[in-house]
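# sequence first, then the predicted structure, then my questions.
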Amino acid sequence: MAKRSFLIPGVDKRLLIKDSIKTMPDVTRRRFIAGGASLGALTLLTGCDVVDSSSAEEMLKQVSKFNDAVQAFIFNPDALAPTFPESAITKPFPFNAYYDLDDAPDVDGKDWKLEVRGLVDNKKSWTLDELYQLPQVTQVTRHICVEGWSAIGSWTGTPLRDFLKLIGADTRAKYVWFQCADKDGYNSPLDMRSALHPQTQMTFKYANEILPRAYGFPMKIRVPTKLGFKNPKYVVSMEVTNDYKGGYWEDQGYNSFSGS
């Protein structure tokens with residue numbers, strides 16, 4: 001990328017950056033500020049010079065992409081998230097969403113089927129009863145919310161990597177993309193290395209009981225190595241793909257990798 005250097009007389013670059021930072025999601029903004037990057041370093045990193053508010057925002061988008069790349073590069077697929085004894089479980093475990101519980105999807109498990117698409121050998125849809133028959137494991141792990149709070153819960157389900165193997169997924173693909181039953185069309189991409197992590201789970205139970213509506217019935221994807229918004233609930237389909245399709249929060253500026 002060629003460096004842009006067409007400056008507008010009187011423009012204060014630092015003020016433009018400061019104003020653009022205000023539009024960033026909280027967690028991205030905190031990491032950006034904590035990094036203490038100078039204007040010169042940002043210009044060198046992104047290959048863009050700041051000439052107006054749009055170029056400042058473009059610079060920050062490039063920084064966000066760089067942050068994703070760095071997190072993906074240093075991610076250790078064999079390193080496990082901390083686990084805890086049942087005595088450490090947060091009671092009650094909080095409901096977390098961008099809407100009230102009364103507005104959460106009310107999915108009929110009898111009619112629900114998980115649709116499987118993309119780069120897989122077996123594209124059959126799976127009923128809830130069929131998924132319940134798969135081998136399951138329990139993990140007691142910490143949910144870390146992008147808003148700054150955390151809670152420990154007990155989750156039971158099938159390791160996603162085992163299901164991907166079962167359906168003949170091409171694990172050389174870049175992403176597993178999830179779509180959910182939320183009325184706003186919630187969706188979220190998961191990089192394949194994280195999808196294959198041993199703790200990433202197709203969750204069907206909470207505290208040894210069928211997953212309640214509050215926590216994502218009939219199925220959520222538990223990813224303890226990532227921030228909470230990367231743990232999609234009320235999942236209705238998954239697609240193995242090489243295409244980055246964006247996501248509900250990612251399209252609003254949140255980092256796609258968002259490791260915890």
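Arrived safely, thanks for sending. Residues are numbered from 1 along each chain as shown.

# contacts only, for residue 131.
For residue 131, the contact set (CB atoms under 8 Å, 6 or more residues apart in numbering) comprises 114, 158, 202, 204, 219. The C-beta positions use only the backbone N, C-alpha and C, and glycine is treated the same way.

# which element is it on?
Taking DSSP states H and E as the criterion, residue 131 maps to helix 128-132.

# what's the average pLDDT for whichever helix or strand comes after that helix?
Counting by DSSP H and E, the next helix or strand C-terminal to helix 128-132 is strand 137-144. This predicted structure assigns strand 137-144 an average pLDDT of 97.

# what mean pLDDT does the helix or strand following strand 137-144 get?
Using DSSP H and E, the helix or strand that follows strand 137-144 in sequence is strand 150-159. The predicted model assigns strand 150-159 a mean pLDDT of 98.

# quick one: strand 150-159 to strand 137-144, angle?
Taking axes from the mean of the first three to the mean of the last three CA atoms, to 10 degrees, one finds strand 150-159 and strand 137-144 inclined to each other by 150 degrees.

# so what are the sheet partners of strand 150-159 and their directions?
strand 137-144 (antiparallel), strand 201-206 (antiparallel) (DSSP bridges).

# if we can go back for a sec, so which of the contacts of residue 131 is the closest to residue 152?
residue 204 (18.9 Å; CB to CB).

# tell me the contacts of the closest one?
Here residue 204 is in contact with 128, 131-132, 136, 156-158, 210-211, 218-219 (CB under 8 Å, 6+ apart).

# centroid residue for the chain?
Closest residue to the average C-alpha location of the chain: residue 230 at 2.2 Å, with CA atoms, centre = their mean.

# correct me, but that one touches residue 188?
Yes: counting by CB atoms under 8 Å, residue 230 does reach residue 188; the two are 6.2 Å apart.

# which neighbours do those two have in common?
With CB under 8 Å, 6+ apart, residue 230 and residue 188 have no common neighbours.

# quick check: nearest residue in space to residue 97, chain neighbours excluded?
Leaving aside its chain neighbours, residue 97 sits nearest to residue 104 (6.5 Å; criterion: CB to CB, 6 or more residues apart in numbering).

# count of neighbours near the one you found?
Using other CB atoms under 10 Å, residue 104 is surrounded by 21 other residues.

# pretty sure it is touching residue 214, no?
Yes: with contact defined as CB under 8 Å, residue 104 counts as touching residue 214 (6.8 Å).

# common neighbours of those two, please.
Taking CB under 8 Å, 6+ apart as the contact rule, residue 104 and residue 214 both touch residue 95.

# what about residue 256, which helix or strand?
Applying DSSP H and E, one finds residue 256 in no helix or strand.

# right, and it touches residue 194 too?
No: assessed by CB under 8 Å, residue 256 is found out of contact with residue 194, at 10.4 Å.

# how about the strands in the stretch 101-250 of the chain?
113-118, 126-127, 137-144, 150-159, 175-180, 187-191, 201-206, 209-210, 220-222, 235-241 (DSSP state E, counting those that start in this stretch).

# what separates residue 190 from residue 105, distance-wise?
20 Å (CB to CB, to the nearest Å).

# now do the contacts for residue 247.
Residues near residue 247 by CB under 8 Å, 6+ apart: 187-189, 256.

# so which of those residues is the most crowded?
Most surrounded of the contacts of residue 247: other CB under 10 Å gives residue 188, at 27 neighbours.
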